[in-house]
Each structure stands twice: as structure tokens, then as C-alpha cells.
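> Got a sequence here, can you build the structure:
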Amino acid sequence: MREDEQETAHIPAAIYRVTLAQKYGEPEYIPHYIAATRQHLHDSLVTAWSLVSDNADSAVIHFHRRLVAFYHQELELWGQGADVWLSAMEDHAHVLFGRGHVLYVSLGLHSHLLSSYRVHKRRFKKLYGF
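Prediction:
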């Protein structure tokens, strides 16, 4: 799997989100997007587990692991509200931008650690088994 293919794997989800927003309007499209994202997560997991059991190439497994992480994080962020999802996108903290980084956001005189954007690798392995 080429690196540019891995970096653009999230684009179908973005196109689907825009299509739903046009069809249902804002914010009515969000429940439809969340339901579709749950299904995509399930389908990606089935594919990934199959690849792991078939001892597929590690780059291919990594690609599918990133897809699972993307869908997982989408559900986590949307579950916290549209503002949280938008902040993660604006801060480039979503897994689709590469390795998750802990971010410090300045709010007035205080800085707040935002680690909820990251996909915790141990938790990921515990949840999904790979």
C-alpha cells in the first residue's frame, strides 16, 4: 500500500458526510453519518481481522488498522459533540493527519491538555484485538 493511498483513505467518509449534509441539512445529517460510520467500522474490522488471520502483509494490515482507528475516532469525537469534532479537525489532531499528538490549547490564561483526540494504542488493541 502506497503512503499516498493511506493518507487519502478517509476521503470517502468526508464525501459521504458532505452528501448527507446536503441531503438532510445541518445538523439533521449527523445521526445518519454516525450510523453509517458504525457500519463502516464494523466492515473495516471484519476485513482487518481476516487479513490478520491470513498473515497478510504488515503494510496492508497497518492500512486497515488506520481505517479502524479513523472510524473509531470519528464515533468518539461525534459522541462528544460537533464542536469537539470540529476542534479536532481544525487542530489537525485527528488520526487521519498522522500520529496523534497531545495538544495544549490556550484558553485565556490557562492551558488545557487535550488528550481525548488520540487513539490510545493499548485500548485500541484491547477493543479490537490487533
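> Nearest the middle, which residue of this protein would you pick?
Closest to where the C-alpha atoms of the chain average out (CA atoms, centre = their mean) is residue 70, at 2.1 Å.
> so that residue is in which element?
Taking DSSP states H and E as the definition, residue 70 sits inside helix 58-79.
> what does residue 19 give?
Per DSSP H and E: helix 11-24 holds residue 19.
> Can you give me the buried ones in the helix or strand just after that helix?
Following helix 11-24 in sequence order, the next helix or strand is helix 29-53 (DSSP H and E). Judged by neighbour count using 16 or more other CB atoms under 10 Å, the buried positions of helix 29-53 are 29-30, 32-33, 37, 40-41, 44-45, 48, 51. Every residue, glycine included, has its C-beta placed from N, CA and C.
> The helix holding residue 19 vs helix 58-79, what angle?
For helix 11-24 against helix 58-79, the angle by axes from the mean of the first three to the mean of the last three CA atoms, to 10 degrees is 30 degrees.
> and helix 11-24, what does it pack onto?
Counting contacts by 3 or more CB pairs under 8 Å, 6 or more residues apart in numbering; DSSP states H and E, helix 11-24 is packed against helix 29-53, helix 58-79.
> residues in contact with that helix?
With contact meaning CB atoms under 8 Å, 6 or more residues apart in numbering, helix 11-24 is reached by 29, 32-33, 36-37, 40, 70-71, 74.
> Show me the one of the helices and strands packed on helix 11-24 that comes nearest residue 121.
Closest approach to residue 121 among the helices and strands packed on helix 11-24 is made by helix 58-79 (9.3 Å; CB to CB).
> Give the other helices and strands that the closest one contacts.
Helix 58-79 packs on helix 3-7, helix 11-24, helix 29-53, helix 82-90, helix 121-128, going by 3+ CB pairs under 8 Å, 6+ apart.
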